[in-house]
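Colleague: okay, predicted coordinates and the sequence, questions at the end:
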Amino acid sequence: MHELTVVLDPATRQALDDLADATGRRTDEVAMAAVHRYLDEERAVVRTHAERLARGHADLLRRLGE
């Protein structure tokens, strides 16, 4: 596994620590879950845009594939 350092402002760090404490998880587990959730959401946004573009240019894409 690779390591990444993220600089957090004090309020964000405190919120992260508080959430980890309240849920009985380690701080890095809470941060990793947040990163995964963000990536999933962004992938969905990108997928939606890509599908819309593909539908809008379906004829061109079909012709390029011939």
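Modeller: Happy to help now that I have it.
Colleague: please make it C-alpha for all contacts and neighbour counts, starting now.
Modeller: Fine.
Colleague: just checking, what packs against the lengthiest helix in the chain?
Modeller: Ordering each helix of the chain by length in residues (DSSP state H) puts helix 27-56 first. Under the contact criterion of 3 or more Cα pairs under 8 Å, 6 or more residues apart in numbering; DSSP states H and E, helix 27-56 touches helix 10-23.
Colleague: so which elements touch the helix it packs on?
Modeller: Going by 3+ Cα pairs under 8 Å, 6+ apart, helix 10-23 lies up against helix 27-56.
Colleague: what comes up buried for the helix it packs on?
Modeller: Within helix 27-56, the residues that qualify as buried are 27, 30, counting by 16 or more other Cα atoms under 10 Å.
Colleague: avg pLDDT for that helix?
Modeller: The average of the pLDDT scores along helix 27-56 is 96.
Colleague: make residue 1 into 46 and carry on from there
Modeller: Yes, from this point I'll number from 46; that puts the last item at helix 72-101.
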